[in-house]
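A.B. asks: sequence? don't have it. structure:
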């Protein structure tokens, strides 16, 4: 049962890692109309009529969102690697450490998306009438749920492995 929890947590964490990386790298966090043209933006670039440009303004909330998302991806990667390498030995501290790394990843991504949400609502919400959050942003929230779920599963697997008696070895019989 413990092996199943660790493997499930690792799979859940891997999918969360992929989604967080996709969310961080893509340019569809927000869509809006700019001078009658379709426009979208991500953390790194903005696009108007499919012509993309890097952000020229250095805005603190973009920098904070980028930093927290990158730290989230790195933490999620560490949690997945620790879970994958410890799946054969759930009693090891790697499972617990991996679970903590995955929970940290989820909380860092929550912080990033909360900053982005608050600033977008206050800054762009007043500037553009026809705007909406787009799929990259939504994929980030799904990645958060998976990273947090994977962290909880790994911590449950560690707790369960510690409460089970140590199996007797074949040489003891």
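C.D. replies: In hand now; what should we look at? Just so it is clear, the structure is predicted and the values come from calculations on it, not from any experiment.
A.B. asks: Return the residues in contact with residue 117.
C.D. replies: Counting by Cβ atoms under 8 Å, 6 or more residues apart in numbering, residue 117 makes contact with residue 133. (Each C-beta comes from the backbone N, C-alpha and C, glycine too.)
A.B. asks: tell me which element it falls in.
C.D. replies: In this structure, residue 117 is located in helix 93-119 according to DSSP states H and E.
A.B. asks: Of all the residues in that helix, which ones are buried?
C.D. replies: 94-113, 115-116, 119 (16 or more other Cβ atoms under 10 Å).
A.B. asks: What's the first helix or strand after it?
C.D. replies: Next along the chain from helix 93-119, counting by DSSP H and E, comes helix 125-127.
A.B. asks: Distance from that following helix to the middle of the chain?
C.D. replies: Here helix 125-127 is found 27 Å from its chain centre; the criterion is Cα atoms, centre = their mean, to the nearest Å.
A.B. asks: Could you check how far the very next helix or strand once past it is from the centre of its chain?
C.D. replies: For helix 125-127, the following helix or strand on the C-terminal side (DSSP H and E) is strand 131-133. Put simply, strand 131-133 sits 21 Å off its chain's centre (Cα atoms, centre = their mean).
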